[in-house]
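*Asks:* Sequence and predicted structure are below.
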Amino acid sequence: MGQIVFAAATVHAPQLFTYPPSEDKAQLDADIAAMRELGKNLDEIKPDAVMVIGSDHLETFFLSAVPTFAVVGGEKSKAAFARKSYALPIHGFTEEILNSLVADGFDLTYSQDAELGHAFAAVYEWVIEGRSLPVIPIFVNTYLPPLPSARRCAQLGAAIRDAILKSPYKIAIVASGGMSHYPGAWKYPQPAFDFDWWAIAHMERGNNNALLELTNEELDEVGNTEMLPWMILFGAIGNQPGELITYQPTWHHGHAVMRFIPNKKGTPTTPEPAAKFSFGSAEGYQFYRHPDPAVYPLNKLLYDLRFSQPLRRRLFENTLALASEYGLNEKQAQVLETMKDESIDAVRSLKPHPLVEAGAHPLGMWMSLITVQAEQRRMRQEQAEATAIK
């Protein structure tokens, strides 16, 4: 009989890979230390495989096709971020999981060659960290509505649990995502720390149902749609009390690492929470709506810039020509120039970024901005080195 022998949830912030000067190094160090503690747990428990449940940041999937849930099979789980790449062995149980979930009524997307992003790369880098452990990658859509509800995610988790119990395997589960942040949105410098602590208090007490009752509009309001992978975890483990390993309130993001199985502390570290969190009265999604199809060319260019160095260099050589090639209108071509502004104040202003005002998906814009500005720094470095040689 199979068993879930380990369960945890962890942050996966891109800054953990890049350590930009805008961040507090001690906070990033604490995150990585907490993730490595999870890795040491795996050494003690020795699972047969690690199921990694993660989301996407318009890296693997784009507006051409966005699955609600996906299972990545094949021989290797490929992931890449910040010039690092991974190819971890995929456990054979992945195919059985897929068949079992489809038989249970879940219409899953399946891929053997999807290259996953930093939600998976962070777990591969600091939790699995070179260990000879095969993985079972599970994807959930968290940023391109319509999203699955928290309850539907929990139902998927329960079906995963049932499949594990029928198998001969000891499975560890790591949910990657959360907590509060608004990448690319005007609210980026104002994370909902109060919600995070409310949620942590409930999770420490095993009251995971309090989170499963939340709507995606509410999760969007508090910058926590990336907690949907955690909801799948809750469906798999039930109302298992959690143990907070670290919570780092950075200037733009609540970074949390929690362990549910095993729980080595046992007693909560937080005050008794209110039964319900007080949300605002806004209707619908505030920050991560579905992009207007009329602005597809702009979103497509931002997506392509992330994966093509020649395209990024052309952006700096002749922005207007590149904009014309993609069919951007005059306003969109003008705001494309703002990608060259590296001032951190631009994302601390509490104003929508000009590209978002022009119709770009906030997260897609933000991930592209990070990549483009990193390219700009490399170009300056290359120029400085060439000048020094002369």
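*Replies:* Yep, that arrived.

*Asks:* Tell me where this structure is predicted with low confidence.
*Replies:* Within the chain, the stretches with pLDDT under 70 are 281-283, 390.

*Asks:* Please, where are all the strands along it?
*Replies:* 3-10, 49-54, 69-72, 76-81, 84-89, 109-111, 115-116, 135-140, 170-176, 243-249, 254-261 (DSSP state E).

*Asks:* so what does the last one touch, helix or strand wise?
*Replies:* It refers to strand 254-261. Counting contacts by 3 or more Cβ pairs under 8 Å, 6 or more residues apart in numbering; DSSP states H and E, strand 254-261 is packed against strand 3-10, helix 25-45, helix 193-204, helix 228-237, strand 243-249. The way it works is simple: take the backbone N, C-alpha and C, and place the C-beta from them, glycine included.

*Asks:* again with the first one
*Replies:* Counting contacts by 3+ Cβ pairs under 8 Å, 6+ apart, strand 3-10 is packed against helix 25-45, helix 150-165, strand 170-176, helix 228-237, strand 254-261.

*Asks:* What strands line up against the third one, and which way round?
*Replies:* If I follow you right, that is strand 170-176. Looking at strand 170-176 with DSSP bridges, its partner strands are strand 3-10 (parallel), strand 49-54 (parallel).

*Asks:* got the angle between the longest one and helix 193-204?
*Replies:* When you say that, I think you mean strand 3-10. Put simply, strand 3-10 runs at 160 degrees to helix 193-204, going by axes from the mean of the first three to the mean of the last three Cα atoms, to 10 degrees.

*Asks:* what's the offset of strand 3-10 from the middle of its chain?
*Replies:* Its chain's average C-alpha position is 18 Å from that of strand 3-10, according to Cα atoms, centre = their mean, to the nearest Å.

*Asks:* CA atoms only: put that strand into PDB for me.
*Replies:* Extracted C-alpha coordinates of strand 3-10, given in PDB (Å, rounded to 0.1, in the frame of the first residue of the first chain):
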ATOM      1  CA  GLN A   3       1.800   6.400   1.300                       C
ATOM      2  CA  ILE A   4       2.300  10.100   1.300                       C
ATOM      3  CA  VAL A   5       5.400  10.300   3.500                       C
ATOM      4  CA  PHE A   6       6.200  13.900   3.200                       C
ATOM      5  CA  ALA A   7       4.300  17.100   2.400                       C
ATOM      6  CA  ALA A   8       5.500  20.700   2.200                       C
ATOM      7  CA  ALA A   9       4.800  24.000   0.500                       C
ATOM      8  CA  THR A  10       7.400  26.500  -0.500                       C
END
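
*Asks:* which outside residues touch it?
*Replies:* Identification of contacts with strand 3-10 by Cβ atoms under 8 Å, 6 or more residues apart in numbering yields 34-35, 38, 41-42, 45, 47, 122-123, 127, 161, 164-165, 170-178, 229-230, 233, 236-237, 240, 242, 256-262.

*Asks:* And the strands of the chain: which comes nearest residue 100?
*Replies:* Evaluated with Cβ to Cβ, the strands of the chain place strand 69-72 nearest to residue 100, the distance being 10.4 Å.

*Asks:* Remind me what the closest one packs against, helices and strands.
*Replies:* With contacts taken as 3+ Cβ pairs under 8 Å, 6+ apart, strand 69-72 sits against helix 93-103, strand 109-111, strand 135-140.

*Asks:* Export the strands of the chain as a markdown table, with columns for distance to residue 329 and mean neighbour count.
*Replies:* Output for these, formatted as a markdown table (distance: least, Cβ to Cβ, whole Å; neighbours: other Cβ atoms under 10 Å):
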| stretch | distance to residue 329 | mean neighbour count |
| --- | --- | --- |
| strand 3-10 | 41 | 24 |
| strand 49-54 | 35 | 27 |
| strand 69-72 | 34 | 23 |
| strand 76-81 | 32 | 22 |
| strand 84-89 | 36 | 15 |
| strand 109-111 | 33 | 16 |
| strand 115-116 | 32 | 24 |
| strand 135-140 | 33 | 27 |
| strand 170-176 | 37 | 26 |
| strand 243-249 | 40 | 20 |
| strand 254-261 | 37 | 25 |
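
*Asks:* Just to check, residue 366 is in contact with residue 186?
*Replies:* No: assessed by Cβ atoms under 8 Å, residue 366 is found out of contact with residue 186, at 11.7 Å.
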